[in-house]
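Asks: After the sequence you'll find the predicted model.
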Amino acid sequence: MKRTLIAAAAVLAAGTAFAQSSVTLYGRVNTSIEYQTTETAAGAKSHVSVLQNNASRWGLRGSEDLGGGLKGLFVLESAFQSDTGAAGGQPGLFGREAWVGVEGNFGRVRLGNLGATAAYYATADYISMHNHDTGTSSDAFYLYPGATGGGALQFAELKNAVGYNTPNFGGLVVEAQFGLREGGVSTPKTVGVLAANFDRGPLHLGAAFVNAPITLGGVAGTEGKEYGLRALYELGAFTVGAYYIRNEAEAGAAEAKRDSFRVSGMYTLGGSEFHVNVGYADKIKLNTGTLAASDAIQYTLGYNYNLSKRTKVYAFYTAVDNKAGATYSGAAGTDFSSVAVGVRHNF
């Protein structure tokens with residue numbers, strides 16, 4: 001009798017273990033040493049050598065097969081500073097992402113802190129190929145609508161959020177996201193996101209819309225909108241991509257609009273990748289007239305050598321050239337540049 005009970009308990013324990021989620025530890029450590037230069041509008045220059053963390057992170061992702069094509073999913077992702085080992089980047093242990101969801105033939109539903117918007121991934125992040133839009137060479141002109149208190153470092157627009165993406169229809173996937181306003185959240189309204197991605201063969205297209213608060217040209221808009229289009233094409237060893245984004249802000253009678261553009265290219269030769277990335281932010285247009293000298297240009301030249309599928313060494317030169325009224329790299333008219341060499345390892 002005892003043997004029968006022990007055997008039954010063993011079978012039950014094994015069945016319980018098999019029913020558990022498969023959990024994967026993953027992450028990225030990305031660190032560079034850089035010589036950075038800042039030049040004010042008056043021509044004063046300052047130089048500094050730094051060890052730069054480039055959005056290093058670790059996380060846990062899991063899934064469970066629930067049968068009938070249904071899966072349970074979760075992701076918990078945390079930022080850390082690879083130059084010091086300290087936690088940080090987004091507040092909270094899993095400030096980058098923390099969500100649970102289900103996936104099936106109907107698509108995927110997620111609840112929680114979803115991280116950056118689907119609009120960002122459909123446009124700005126998609127064509128930033130040289131260093132995955134991290135560190136000093138990241139996109140200086142993307143405005144992260146809805147973010148509170150720190151732009152790229154604060155994905156507050158998609159905390160307390162619900163997201164749904166459709167199944168893949170011949171290469172087309174559409175995603176809708178809603179960040180819910182709760183007591184104590186400083187975002188003044190619910191945030192809505194709609195993004196579409198189309199991938200077929202060498203052609204990759206994206207479109208995005210965001211309805212969220214945004215500050216632009218001194219207009220702290222409680223009503224803000226973003227419209228974006230992106231295309232990327234692979235032609236043998238060459239890959240080229242571009243995006244166009246229109247941002248709008250409105251606060252009472254005050255209005256502001258701005259267009260930004262970015263193009264990037266990559267050429268691969270064995271383990272080597274040669275990159276170029278150029279972005280332009282047009283002058284900000286207010287309802288009272290154009291904000292003078294508010295445009296800026298950013299350009300990056302980069303080289304990656306892939307030691308393996310997980311590890312690469314790289315070098316780049318990046319610069320942001322602000323006109324007299326532009327503030328994309330500090331005070332108005334302040335320019336920034338950096339020469340960097342680094343190592344990135346994915347696990």
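Replies: Perfect, I can see it now.
Asks: Report the residue spans of this structure with pLDDT below the cut-off.
Replies: The chain contains residues with pLDDT under 70 at 1-21, 147-157, 183-189.
Asks: which residue ranges form the helices in it?
Replies: Along the chain, the stretches classed as helices by DSSP state H are 2-19, 118-122, 124-127.
Asks: roughly how far out does the second one sit from the chain middle?
Replies: Spelled out, that is helix 118-122. 7 Å (C-alpha atoms, centre = their mean, to the nearest Å).
Asks: counting contacts, what elements does that helix pack onto?
Replies: strand 191-200, strand 203-211, strand 223-235 (3 or more C-beta pairs under 8 Å, 6 or more residues apart in numbering; DSSP states H and E). Any C-beta I mention is one placed from the backbone N, CA and C, and that applies to glycine too.
Asks: List the buried residues of the longest one.
Replies: It stands for strand 223-235. Judged by neighbour count using 16 or more other C-beta atoms under 10 Å, the buried positions of strand 223-235 are Glu223, Gly224, Lys225, Glu226, Tyr227, Gly228, Arg230, Ala231, Leu232.
Asks: same deal with stretch 94-104?
Replies: Quick answer for stretch 94-104 (16+ other C-beta under 10 Å): Phe94, Gly95, Arg96, Glu97, Ala98, Trp99, Gly101, Val102, Glu103.
Asks: Between those, which sits nearest Leu70?
Replies: Of all those, Val102 has the smallest distance to Leu70: 6.4 Å, by C-beta to C-beta.
Asks: Is that closest one in contact with Lys71, as I believe?
Replies: Yes - between Val102 and Lys71 there is a contact under C-beta atoms under 8 Å: 6.8 Å.
Asks: Identify the contacts common to those two.
Replies: Here Val102 and Lys71 have no joint contacts, going by C-beta atoms under 8 Å, 6 or more residues apart in numbering.
Asks: how much space between Thr311 and Phe347?
Replies: 10 Å (C-beta to C-beta, to the nearest Å).
Asks: ok, those two, which is more surrounded?
Replies: A count of neighbours by other C-beta atoms under 10 Å puts Thr311 above the other of Thr311 and Phe347, at 14 against 10.
Asks: Hmm, that one is touching Arg344, no?
Replies: Yes - counting by C-beta under 8 Å, Arg344 is a contact partner of Thr311 at 7.2 Å.
Asks: In contact with Gly192, which residues?
Replies: So Gly192 contacts Ala176, Gln177, Phe178, Gly179, Val210, Asn211, Ala212 (C-beta under 8 Å, 6+ apart).
Asks: The fourth one pairs with what?
Replies: Here Gly179 shows beta-bridge partners Ala161, Val191, assigned using DSSP bridges.
Asks: Neighbours of it, how many?
Replies: 26.
Asks: Just to check, it is in contact with Lys159?
Replies: Yes - using C-beta under 8 Å, Gly179 is in contact with Lys159, at 6.7 Å.
Asks: What is the longest strand anywhere in the chain packed up against?
Replies: In the chain, assigned by DSSP state E, the strand with the most residues is strand 22-39. Contact here means 3+ C-beta pairs under 8 Å, 6+ apart; on that basis strand 22-39 packs against strand 45-53, strand 57-67, strand 335-346.
Asks: So which bits of it are buried?
Replies: Gly27, Arg28, Val29, Asn30, Thr31, Ser32, Glu34, Gln36, Thr38, Glu39.
Asks: show me the contacts for the fourth one.
Replies: If I follow you right, that is Asn30. Applying C-beta under 8 Å, 6+ apart, the residues near Asn30 are Asn53, Asn54, Ala55, Ser56, Ser82, Asn131, Thr134, Gly135, Gly342, Val343, Arg344, His345.
Asks: swap in the last one?
Replies: Going by C-beta under 8 Å, 6+ apart, Glu39 touches Lys45, Ser46, Thr334, Asp335, Phe336.
Asks: Do I have it right that the fourth one meets Ala319?
Replies: Think Asp335. Yes - using C-beta under 8 Å, Asp335 makes contact with Ala319 at a distance of 7.0 Å.
Asks: list the contacts for the residue nearest to Asp83 when sequence neighbours are not counted?
Replies: For Asp83, ignoring the flanking residues on the chain, the nearest one in space by C-beta to C-beta, 6 or more residues apart in numbering is Leu51 at 4.3 Å. Listed by C-beta under 8 Å, 6+ apart, the contact set of Leu51 reads Thr31, Ser32, Ile33, Glu34, Asp83.
Asks: Which one of the residues you listed is nearest to Gln298?
Replies: Closest to Gln298, out of all of the contacts of Leu51 and judged by C-beta to C-beta, is Glu34, at 15.8 Å.
Asks: Pro202: what's it in contact with?
Replies: Tyr233, Glu234, Leu235.
Asks: Could you give the bridge partners of the last one?
Replies: Judged by DSSP bridges, the bridge partners of Leu235 are Phe238.
Asks: Can you lay out the buried residues of strand 223-235 as a markdown table showing distance to Thr123?
Replies: As requested, these are exported to a markdown table (distance: C-beta to C-beta, whole Å):
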| residue | distance to Thr123 |
| --- | --- |
| Glu223 | 21 |
| Gly224 | 16 |
| Lys225 | 14 |
| Glu226 | 9 |
| Tyr227 | 10 |
| Gly228 | 4 |
| Arg230 | 5 |
| Ala231 | 10 |
| Leu232 | 11 |
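Asks: Tabulate the helices and strands packed on helix 118-122 (TSV), appending distance to Thr288.
Replies: TSV is the format used below for the helices and strands packed on helix 118-122 (distance: least, C-beta to C-beta, whole Å):
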stretch	distance to Thr288
strand 191-200	28
strand 203-211	24
strand 223-235	17
